[in-house]
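Trainee: sequence first, predicted coordinates after that:
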Amino acid sequence: MADNELGLAFSHIALVTDSEEQFQKTVDFYQSFGLSTVRHVHHDVPQKDVIVSDKMSAVTRESWLHLFGCRPENSVTLRVVQVVGEKVGCKDLSNTIRICLATQKIKEVKEILSSIGASFTVHADPRQFKDRVATRDPLGNDVLFLVEPSTFSMPASPEVKPLQVDDTSDDEFDLSASGPRKNIGILTSGGDAQGMNPCVRAVVRMAIARRCRPFFIYEGYQGLVDGGDKIREAQWSDVSGFLTLGGTMIGTARCKAFRELEGRRTGVLNLIRHGIDALVVIGGDGSLTGADRLRAEWPEHVAALEGEGKITKEQADRFRTLMIVGMVGSIDNDLASTDMTIGACSALERICESVDAILSTATSHQRAFVVEVMGRHCGWLALNAAISTGADYLFIPEAPPKHDDWEASMCATLKASRDAGKRTSLVIVAEGAIDRHLNPIKADYIRDILASRLGYDTRVTILGHVQRGGAPAHFDRFLGTMQGAEAVEAILRATPQTPSPVIGMLENKITTQPLKEAIELTGQVAQAIEAKDFERAIGLRAASFAKQLRAYKEIANFNPDSKMKLPKDKRLRIAIIHAGAPAGGMNTATRSAVRLCLNRGHTALAVHNGFPGLMRGEVDELDWLSVDGWTIAGGSKLGTNRDQPEPQMGAVAYQLQKNRIDALLVIGGFEAYTAVLQLERGRAQYPALNIPMVLIPATVSNNVPGTDFSLGSDTAANVIVQATDMIKQSASSNRRRVFVIEVQGGNCGYLAVMAGLSGGSTTVYTPEEGVDLSRLQRDIAHLRSRYVAELGRSEGRVTLCNERASKIYTTEMISSIYEAESGGFYGARTAVLGHLQQGGTPSPLDRCRANTMAVDAVNWLQTKCWDAMDVPNEDGFRLPAGQLKRKYFPPVFASTPESAAVIGVIGSEMRFTPVTQLVAHTDFARRVSRTIWWSASRQLVDILCGVGVDIKNGGCSTHYRSCAIELTADDLMRIYGQHRRLSKLIDPAELEKMQEADRLQRLRIEDEKKAAESPAAPAGF
């Protein structure tokens, strides 16, 4: 007979007695534990509906007791019945009924049993630190109180066999080992920041996967001091949905009590009572300082509590040390020893969304706006907001105006832009902005200056706490998730002698740093500002801060009489061309390049419609206003396509020569990369191609070699994450639905992995891994197990599938297999995001990268052109047959391989790599780079969604290798004291290249010395 063909459903458990006294005692017994009486009847006429000893017995009284469990499947109904006419003894029933109840409050159960005079026995639970309690009810039935409910489960169908994982790694744990490794408390403190919730989610789930027990500490340090229900063990399902939520779901509050010794001692007592021996703190520098102080005082507190008799000697021995790990949740991005803090990117998103909207109305009315953003001691938000929105003027704490009459300088700058035809003026001011005498500069004062001196209709907008709100952006989810996972790893690696670490990010790598020294460096920024040492204050910021500030000052305003104007013989004609598919940030990079060129006296030329447009001669000059507003424009204003120059290389060379183009700036993806490579190879035949050329990678696929990030990849990831949030909401409403979402990326799985990690995808399918039946079997078995366990309260789930993950297992087929093997527990749907990922407003992160790349690219082109303008004296020197002398070539003639390069973000710095060197690092057949720096994120996708994790008991069969780089106090001082890069932050291959470059440089210096000492020889070409 098929499963449940009779349509059976559970009714109730009947407990029968013939004694009125036993009846009442039984009802009282179960009511003591919270069972509710839903029906109580005394029958005047006995009802014969209970069978006792194979005979129908008459019921005189009955009481229906219902246990409203925390989950529907854990609820149960007991029917206590008193009968007449049959003698019922306990012996008849005691061997046939055993009632098991689950609760986390075993201690309270013991107290209740003692209060009602019931005898009980205590038994150790081999999988938990808590006990199990056994007793009997007044009728003699066994009653067992457990810590964990015994939920029903359904085995996989014969067609779906769970994937067997070979558990051989040292970093994986034996799931059968008894007892958790660490009890980890998690608290958020200080100002809230988007990304805190993804961080909490990662800590909770990684802790469970590593067989630890996570605990929520609600309301920050106040909850630590209050104890009680403010400290609660966290379950896997407690953090479902945390990725999409801003702020902190476990709360934060100021706590005066924790500043006092007794308050901290109370917090220690509460941690010990809950068995917590490690603490993860997410907050600002003040919160982390408090955590480190608590750890330093810990032995003293434990000794005092033992002396006062508040803890036992066994507890004191067990909790001799406390491990602290900090993570910085701060929208100001103000920790000196990290490139980015949790929440900063999302706050920048909120600012840009608001300012983009403000600019629309400002343009309509030709108004000036002064926008105040957060940043009491740190100008990172203000600086990046100014770059991302094209602000005309900026005030930050680290770089005050150099002159006392800064008002006049500001007015002259804004007036120059208005005279050039600009309709609006935008000033960004950090809340902690000051002049060089440390006097505050306020938004209202700036407004009054603009109104009185220039007569501008000026408005002030103070964004305030809008910057803290909203869903976290993709990068904050990624950063919080990676750092949260590494925080658990840091706890497991630590010894009692390990200094308290803070998890950060340097050179695009997750790091663990000594917390005390990191906080001290941060404090030095405020001290440097107070001492008016502004250069030192800037030096303590992220490596890119000073460069961004210089670039912003160069391109922010129209300067027709700028001191930056170069001599006429140094001025160049630089062409800008877009190639490949459109990507967010292309226009931003073009705007920055054009304005920098114009301010220096160069001529900026626009090539429309890619290389076909260049072949047709679609080239014209760009002026200052022609690129106004391009900062926030998506797509490609110049027009772009995938056509290559090679079929018509002669036409390309002709147009370059005709338009007297001295340098070429190419912005685009893999097609642009191969185009630059073709141009470099064509130099031997076409002299006009011997000009410096550089590629700014811009593609949502992030598949161009020579860079960690391409323009547009962050924008696309944000689009995918936002779409995933909405689709998961639909799937959650249905309760039983899985969406397979197809994303772009070509043969590169970057987008799928990053967006999958940030969007909470159940798993991801990428071309690097491929898709096969065993993989699908594993994923289906996981989905079925989760939907069975969550029956009636399932969350929506999504799976991200790269468009080329498999030629056979397409998105539609994977969805069909999911549904066919679902066993009726869920349905499957598909969603193809398509070209949505290439459109929309560029993300602030892409805008900032575009600006920095464009400025560095123009500087590089400028230098390469000047180097290539030298014409040696070739009189009296005989060249090989067929080779022309240098004087017959154009003024700029760059024929070296180094003059055709890709600019890329490597770590936290910009680097130029010759395209000829990148050939060895390129898989041309698959159109991807051979370097996959983001592979460490892949396994976290599965682990944090429960694939291979024993969610109930803890442990994980999926391998994860920590990717964090451990830095010492000496390392930090070398970085911020001597401004040097650390070899441990550099990939081995990259380090080898740098060492080889240093060796060649030394050889060149030696050769030059020898040449200077020897007689001059005729120069050759």
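Mentor: Noted; the coordinates are in hand. Numbering: from 1, shown residues only.

Trainee: helices or strands next to the strand ranked longest in the chain in the packing?
Mentor: Secondary structure of the chain per DSSP state E: the longest strand is strand 36-52. For strand 36-52, the packing partners by 3 or more CB pairs under 8 Å, 6 or more residues apart in numbering; DSSP states H and E come out as strand 13-17, strand 55-67, strand 76-84. From N, CA and C alone the C-beta is placed, and that goes for glycine too.

Trainee: mind checking which of those is nearest Ser500?
Mentor: Minimum separation from Ser500 across the helices and strands packed on strand 36-52 (CB to CB) falls at strand 55-67, 45.1 Å.

Trainee: quick one: mean pLDDT for the longest strand of the chain?
Mentor: For strand 36-52, the mean pLDDT works out to 79.

Trainee: output it as CSV - backbone C-alpha positions only.
Mentor: Below are the C-alpha coordinates for strand 36-52, written out as CSV (Å, rounded to 0.1, in the frame of the first residue of the first chain):
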residue,chain,number,x,y,z
SER,A,36,-3.2,23.9,28.5
THR,A,37,-6.7,22.5,29.2
VAL,A,38,-8.7,22.9,26.0
ARG,A,39,-11.7,20.8,27.2
HIS,A,40,-12.8,19.4,30.5
VAL,A,41,-16.1,17.3,30.8
HIS,A,42,-17.9,15.5,33.7
HIS,A,43,-20.4,13.1,32.1
ASP,A,44,-23.6,12.7,34.0
VAL,A,45,-24.3,9.7,31.8
PRO,A,46,-21.1,7.7,31.3
GLN,A,47,-19.9,7.5,27.7
LYS,A,48,-18.6,4.2,26.4
ASP,A,49,-15.8,5.2,24.1
VAL,A,50,-12.6,3.9,25.7
ILE,A,51,-11.3,0.3,25.2
VAL,A,52,-9.6,-1.2,28.3
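
Trainee: tell me what angle it forms with strand 13-17.
Mentor: For strand 36-52 against strand 13-17, the angle by axes from the mean of the first three to the mean of the last three CA atoms, to 10 degrees is 70 degrees.

Trainee: let me know the next secondary structure element after the lowest-mean-pLDDT helix or strand in the chain.
Mentor: Between all helices and strands in the chain, the lowest mean by mean pLDDT, DSSP states H and E belongs to helix 90-93, at a mean of 45. The first helix or strand that comes after helix 90-93 along the chain, using DSSP states H and E, is strand 98-102.

Trainee: from the contact counts, what lies against that next one?
Mentor: Using 3+ CB pairs under 8 Å, 6+ apart: strand 98-102 touches strand 142-146.

Trainee: quick one: closest of the helices and strands packed on strand 36-52 to Glu517.
Mentor: strand 55-67 (54.6 Å).

Trainee: follow-up on the earlier one: between the helices and strands packed on strand 36-52, which one is closest to Ala487.
Mentor: Using CB to CB, the helices and strands packed on strand 36-52 put strand 55-67 closest to Ala487, at 38.4 Å.

Trainee: same for the closest one, what does it pack against?
Mentor: So strand 55-67, by 3+ CB pairs under 8 Å, 6+ apart, packs with helix 20-31, strand 36-52, strand 76-84.

Trainee: can you list the low-confidence ranges for the stretch 551-700 of the chain?
Mentor: The stretch 551-700 of the chain contains residues with pLDDT under 70 at 560-563.

Trainee: please enumerate the helices of it.
Mentor: 586-600, 610-615, 649-658, 670-681 (DSSP state H, counting those that start in this stretch).

Trainee: tabulate those in a markdown table, adding columns for mean neighbour count and distance to Gly140.
Mentor: Listed next are the helices of the stretch 551-700 of the chain as a markdown table, based on neighbours: other CB atoms under 10 Å; distance: least, CB to CB, whole Å:
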| stretch | mean neighbour count | distance to Gly140 |
| --- | --- | --- |
| helix 586-600 | 26 | 79 |
| helix 610-615 | 24 | 87 |
| helix 649-658 | 18 | 96 |
| helix 670-681 | 23 | 77 |
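
Trainee: of these, which is nearest Thr640?
Mentor: helix 610-615 (5.3 Å).
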